[in-house]
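Student: just coords:
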């Protein structure tokens, strides 16, 4: 990601969070710059239909030696155009090219654009017995941050 992209990535992340508020889900405040500071890789996407720059992002970190999707976000004004799916597939392709066999993430279990959306793209709930210490820490960190305002799950998909 180019440094010039950061303000737009922050804007996209905050705008994507507004979808939760519109659905009545109150998330704790967060600062997307913190996510960007610890993300190991951030892919961005433009809107192919309008040419608008940086309307989506996918941020990954390494957890238990594997890629973990920290955030996938699309600006709501550019949603439902396949941008999120394209970003997800790009993350999986990069992971596979690097020799990884699985991508993990945490998400809200029941929100249609979260758990069910990922399930439709090949993700399944990862049983806790299969979590490593890193995923356990991600889970605890989410709890400390107050993000579990609705049921959440850890999901995984073969790359």
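Tutor: Great, that's in hand. The structure displayed is predicted, hence computed values, not measured ones.
Student: okay, CA-based contacts and neighbour counts for the rest of this
Tutor: OK.
Student: next, the residue lying farthest from the centre of the chain: secondary structure please.
Tutor: Farthest-out residue of the chain from its mean C-alpha position, per C-alpha atoms, centre = their mean: residue 50, at 23.2 Å. Of the three states, residue 50 takes coil under DSSP: H, G, I helix; E, B strand; the rest coil.
Student: start the count at 38, not 1, going forward
Tutor: That works, and once the first residue is 38, the last one we named lands at residue 87.
Student: residue 155 versus residue 166, what's the distance?
Tutor: Remark: distance between residue 166 and residue 155 (C-alpha to C-alpha, to the nearest Å) = 21 Å.
Student: tell me the contacts of residue 89?
Tutor: residue 83 (C-alpha atoms under 8 Å, 6 or more residues apart in numbering).
Student: now this protein, which segments are flagged as low pLDDT?
Tutor: Applying pLDDT under 70 to the chain picks out residues 38-41.
Student: in it, which helix has the most residues?
Tutor: helix 43-59 (DSSP state H).
Student: residues of the next helix or strand after that one that come out buried?
Tutor: Toward the C-terminus, helix 43-59 is succeeded by helix 69-75 as the next helix or strand (DSSP states H and E). With burial defined by 16 or more other C-alpha atoms under 10 Å, the residues of helix 69-75 counted as buried are 69, 72, 73.
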